[in-house]
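Visitor: One predicted model, sequence on top.
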2 protein chains.
Amino acid sequence: MPRKDSNEIYAGVDLGGTSMIAAVVTAKGRILASREASTEAVKGDWAAAVDQIADTIQKACRKARVRPATLSGVGVGAAGAVDIVKGVVVSAPNLGWSDAPVTRALSRKLGVDVHLDNDVHVALIGEHALGAARGAKNAVAIWVGTGIGGGILVDGRLHYGSRGSAGEIGHMVIQVDGPICGCGRRGCAESLSSRTAMERDVRALSEAGQRSAALRIMDEIGKTRMTSSVIQKAIDETDPIVLQVLARAQKAIGVLVSNLVNVLDPELVVIGGGIAERLGDLFVGPIRQFAYEGFIRQSDRETVRIVTSTLGDRAGALGAAFMARDRS
Amino acid sequence: MPRKDSNEIYAGVDLGGTSMIAAVVTAKGRILASREASTEAVKGDWAAAVDQIADTIQKACRKARVRPATLSGVGVGAAGAVDIVKGVVVSAPNLGWSDAPVTRALSRKLGVDVHLDNDVHVALIGEHALGAARGAKNAVAIWVGTGIGGGILVDGRLHYGSRGSAGEIGHMVIQVDGPICGCGRRGCAESLSSRTAMERDVRALSEAGQRSAALRIMDEIGKTRMTSSVIQKAIDETDPIVLQVLARAQKAIGVLVSNLVNVLDPELVVIGGGIAERLGDLFVGPIRQFAYEGFIRQSDRETVRIVTSTLGDRAGALGAAFMARDRS
């Protein structure tokens, strides 16, 4: 990838179902400033979201003392299925959008080039440039959140596939006739191990017997969803239901990891997303052990690293900026 | 890939558990001559097999009126796990070998460069050059036989991964806690849909109830294994057990196909191996339908082609020759 003039400055936006982060980043990856904003108010209204993205970028630019018009490019990583060529968010259930031509609208608004990809792709670009996947040639990213997203690095470059949509690892079926998935099919990795699946299992076990501490904690702190912080608090209380459900999810993610390692032969698997960032090796350690059991090549236990993302919630915005840099 | 002098001639060998085929091939892919030999006598003795491979190549050369010493290279595709860098067959259960330094021994014997890869990788190279995957940039090969092997094409080139062993798609777990696989784990695609798995299921159903016609046919024609020809004869008799077992295997392969399409986003999936070659769309058609149901992107139904290999049993030898050409 040709390196750009090191004076060039880019903006990267990580656009999630609950919040967005915009960062102003140098060509070498120094974050000059960043801003966060809630995306709750723009659900189902992508045009309003474009205004909000532009506003958040402009505020970050002001903080960084950079004029928005001088940006060399803007990258956006969106939680959902995107068409990277057309620059359209095809389907983003967590944002309530479909067929949203975000790139064109944002580009008009800011007067700079805008590039789009999905959130896990850009997180992998970030981790590859400056985080856990630094220097890797072949790697896989698995992001565990409300769903499970992925990215694949082949020979040091993101693998897009023939229509730009490679990496749907969350919808790899690992349990034929397993639980119903958000996609309508059964037994996808996501249906067994996303945060949504864990919450479903915690609720079911609570209804069938003792109530999980997680549900009490959610009531106490006023959350309607079992977030990563709720999971952590329940673990701190040694809640047997959350521990059991977590172990089941870790086993499923371990199977997903070994499937991907057997098929793709990467040197590295990066696990990220809120729960991985919060729990660290408490989450990733058991996944690693389950994955080891599934390696068809025993030697992979010594050679394949399975690690937690290191850039945390900055990976997406940073990676989005790098994507803009590399595609400009 | 640089094209070699079109006068150059290569030999390619497809080395399987029951037979080998050696072909003498021009740089452009014209097969000048080929020879087949049984590998039954060299099981468990790779050194004897090297003598036999050399002999088979020499006989094919004689038929083609080519002096073996003038070959520009020899490629060997072996049924098993290989180390392509060291040129060693690491493990080939069907040949009864482990850690066999075939490349060095054969090269000494013939006085020409020898290159090694696994049988499905070279079959995909063959299908990509002259068969069903011609012109594809991103493709997946699934070879169904006693096991299930695979190959992945990324941007027009075989994806080897970080240790040269990518493509172990047969050991993708699609049914956690499913049937025991030859690898010792449970629920691999291979344990649900290889010819070995089908035979296991036919025997189990025959023991539990009515005897399958397949077992009678095996007795009649003196086969100890349920080969592709036995399967076809049983289908011709509308044997309910074989039809049921075949449908179950096709469903599992369909799940494997959709998993790979969702993850890798290829434009093409080629299905090969004895049973696919013999039954054609009778085998691949239902797999295609099951795969369609598993696509996370509906539009993939229109854009991803799922086809039968077209080179048949020549794919391996031809691909092995091309591999030698491209690596020389």
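Guide: Looks like it came in fine.
Visitor: Which helix runs longest in chain A?
Guide: Using DSSP state H, we find that the single longest helix of chain A is helix A:240-264.
Visitor: so that helix versus helix B:240-264, what angle?
Guide: Angle of helix A:240-264 versus helix B:240-264, following axes from the mean of the first three to the mean of the last three C-alpha atoms, to 10 degrees, is 90 degrees.
Visitor: Which single residue of the stretch 1-150 of chain A approaches chain B most closely?
Guide: At 4.6 Å from chain B, A:Asn138 is the closest residue in the stretch 1-150 of chain A, using C-beta to the nearest C-beta. Where you see a C-beta, it was placed from the backbone N, CA and C, and this is true even at glycine.
Visitor: Excluding covalently adjacent residues, which one is nearest to the residue of the stretch 201-328 of chain A found nearest chain B?
Guide: Minimum separation of the stretch 201-328 of chain A from chain B (C-beta to the nearest C-beta) falls at A:Asp265, amounting to 2.4 Å. Of all residues not flanking A:Asp265 in the chain, B:Gly161 sits nearest, at 2.4 Å (C-beta to C-beta, 6 or more residues apart in numbering or on different chains).
Visitor: The one you found is in contact with A:Leu268, isn't it?
Guide: No: counting by C-beta atoms under 8 Å, B:Gly161 stays clear of A:Leu268, with 11.5 Å between them.
Visitor: what residues do those two have in common as contacts?
Guide: The contact sets of B:Gly161 and A:Leu268 overlap at A:Asn138 (C-beta atoms under 8 Å, 6 or more residues apart in numbering or on different chains).
Visitor: higher neighbour count, these two?
Guide: Neighbours per residue (other C-beta atoms under 10 Å in any protein chain shown) separate B:Gly161 from A:Leu268, with A:Leu268 holding more: 24 against 21.
Visitor: tell me the contacts of the more buried one?
Guide: Each residue near A:Leu268 by C-beta under 8 Å, 6+ apart is listed here: A:132-133, A:136, A:138-140, A:304-307.
Visitor: and what of A:Gly149?
Guide: Each residue near A:Gly149 by C-beta under 8 Å, 6+ apart is listed here: A:79, A:118-120, A:142-143, A:167, A:169-170.
Visitor: repeat that with 6 Å
Guide: When contacts are counted by C-beta atoms under 6 Å, 6 or more residues apart in numbering or on different chains, A:Gly149 touches A:120, A:143, A:170.
Visitor: Can you tell me the closest non-neighbouring residue to the first one?
Guide: In this case it means A:Val120. Nearest residue to A:Val120, sequence neighbours excluded (C-beta to C-beta, 6+ apart): A:Gly149, at 3.6 Å.
Visitor: swap in the last one?
Guide: Taking C-beta to C-beta, 6+ apart as the measure, A:Gly170 lies nearest to A:Ile148, with 3.2 Å between them; neighbours along the chain are not counted.
Visitor: and that neighbour, what is it in contact with?
Guide: Counting by C-beta under 6 Å, 6+ apart, A:Ile148 touches A:170, A:189-190, A:194.
Visitor: just the residues you listed now: which is nearest B:Ser98?
Guide: A:Ala189 (33.1 Å; C-beta to C-beta).
Visitor: any idea how far the closest residue to that closest one other than its chain neighbours lies from B:Ser72?
Guide: Spatially, and ignoring its direct neighbours in sequence, A:Ala189 is nearest to A:Leu256 (4.4 Å; C-beta to C-beta, 6+ apart). Distance of A:Leu256 to B:Ser72, given as C-beta to C-beta, to the nearest Å: 44 Å.
Visitor: list the contacts for the residue nearest to the spatial centre of chain A?
Guide: Closest residue to the average C-alpha location of chain A: A:Val120 at 3.9 Å, with C-alpha atoms, centre = their mean. Counting by C-beta under 6 Å, 6+ apart, A:Val120 makes contact with A:141, A:143, A:149-151.
Visitor: In strands, which of those fall?
Guide: Mapping the contacts of A:Val120 onto strands (DSSP state E) picks out A:141, A:143, A:149-151.
Visitor: hey, what's the residue nearest to A:Gly170 bridged with?
Guide: Here A:Ile148 sits in beta bridges with A:Val144, going by DSSP bridges.
Visitor: for the one 10 residues further on, same thing?
Guide: For A:Leu158, the beta-bridge assignment (DSSP bridges) gives partners A:Leu153.
Visitor: quick one: pLDDT of the residue nearest to A:Ala189?
Guide: Model confidence at A:Leu256, given as pLDDT, is 98.
Visitor: How is A:Gly126 assigned, secondary-structure-wise?
Guide: A:Gly126 carries the three-state label helix when classified by DSSP: H, G, I helix; E, B strand; the rest coil.
Visitor: Wait, it touches A:Thr310, no?
Guide: No: using C-beta atoms under 6 Å, A:Gly126 is not in contact with A:Thr310, being 9.8 Å away.
Visitor: Tell me which of A:Leu256 and B:Ser72 has more neighbours.
Guide: Using other C-beta under 10 Å, the more surrounded residue of A:Leu256 and B:Ser72 is A:Leu256, with 31 against 18.
Visitor: So which residues on the stretch 201-328 of chain A come close to chain B?
Guide: Contact residues (C-beta under 6 Å from any C-beta of the partner chain) of the stretch 201-328 of chain A with chain B: A:255, A:259, A:262-265, A:267, A:296.
Visitor: can you name the two of the residues you listed that are farthest apart?
Guide: Based on C-beta to C-beta, the longest span within those runs between A:Val255 and A:Glu267 and measures 19.9 Å.
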